[in-house]
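K.L.:
okay, sequence plus prediction incoming.
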Amino acid sequence: MRGRDEDVISGRIVEVEAYRGLEDGASHARFGRTQRNAVMFGPPGIAYVYLVYGMHHCLNVVTEVEGHPAALLVRAIEPIAGAEWMRAARIAWLASHAGNRSAVAIARGRDRLIAAPVTQLASGPGLICAAFGIDARDNGTDLCDPNSMLRLEPAPSEEPPPEIACGPRVSIGYAAEPWLSMPWRCWMKGSPALSRPGPKAAGTGGTDSARIEGTEPQ
DNA sequence: AGTTGGATGGTCT
DNA sequence: GACCATCCAACTG
C-alpha cells in the first residue's frame, strides 16, 4: 500500500520468496554484511530495495530479528486500488527506459500495456516497483509504520485464509544445493496475478508442490 | 508455447 | 571484469 487516503494505491501480495540466513546460498547475505544488504541485518518490518540487471528494482520485507539476515522478496501483487495509476506508472517506466528500441516497438509495448488486464500490472518483482513507483529511496522504510508512504497492512479479518502452494525459488541458478531446491517460493493458489503460471498443467494433481513444514530453528 | 538475446548499471567472490 | 532475486521483443515450431 502506498500513498494517502483517496490517493492510495494498494494491492494484495500473492507471491513471495524467502531468503534466510548467512548459509542460504541464494541470499544477498551469503557473503556477509555489505553496504547493499545492510538492512537485511537490521530489525524486521523494514523495506530492503535493490536494483537488479541495471534497470529493475525489487522490494523485500526484512523478516527476522536484528543480526539474523532474512527477507521476503515480494514477487507479485494483485492490485486493489489505484490500478490505473499503476498502469500510467508502468507506461512512464517504459518510456523512460526506451533505450535504443525503435519507435514502433515502443508504441507496441505501450499499446500492450494499455490493453493489459489489471492483474498483470504488478505480476512480477520488477513490475511491482514500476507500478508502485518504488526505488532505492524506499530502502530502509518502516513498512509497519502506518505513517509510512509505503507500508504493509494485514488482510481484512473476514477474509478466509488463502490456499498457499510452495515451490523452488526462481532465477537463483548460481546457488548450490540444497538452497537451489528449497521450496521457499510461496504463492496464493489460483491467483491470476502470479509472476508465472502455477505449477505446470495443474490439471488434476494436488501434490504438485511441496508445503513448508518447518525450517531450521534459528 | 517455448526459446533466445539485448538492455543496463550496481555490486563483489 | 563477471555476474545479476528481470522483463520484453523477436524469433522458431
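P.N.:
Looks like it arrived, so ask away.

K.L.:
make it CA atoms for all contacts and neighbour counts henceforth
P.N.:
Noted.

K.L.:
beta partners for the residue nearest in space to the middle of chain A?
P.N.:
A centroid search over chain A (Cα atoms, centre = their mean) returns A:Val74, at 2.0 Å, as the residue closest to the centre. For A:Val74, the beta-bridge partners under DSSP bridges are A:Val16.

K.L.:
how much space between it and DNA strand C?
P.N.:
Distance from A:Val74 to DNA strand C, counting by Cα to the nearest atom of the strand, to the nearest Å: 8 Å.

K.L.:
tell me the pLDDT at that residue?
P.N.:
If you check A:Val74, the pLDDT there is 98.

K.L.:
buried ones in the helix or strand of chain A with the lowest mean pLDDT, by neighbour count?
P.N.:
Lowest by mean pLDDT, DSSP states H and E among the helices and strands of chain A is helix A:103-115, with a mean of 92. By 16 or more other Cα atoms under 10 Å, the buried positions in helix A:103-115 come out as A:106, A:110, A:113.

K.L.:
do you know how far the second one is from DNA strand B?
P.N.:
Computed as Cα to the nearest atom of the strand, the A:Arg110 to DNA strand B distance reads 15 Å.

K.L.:
circling back to that earlier point, which residues touch the residue nearest to the centre of chain A?
P.N.:
A:Val74 is in contact with A:13, A:15-17, A:58-61, A:125, counting by Cα atoms under 8 Å, 6 or more residues apart in numbering.
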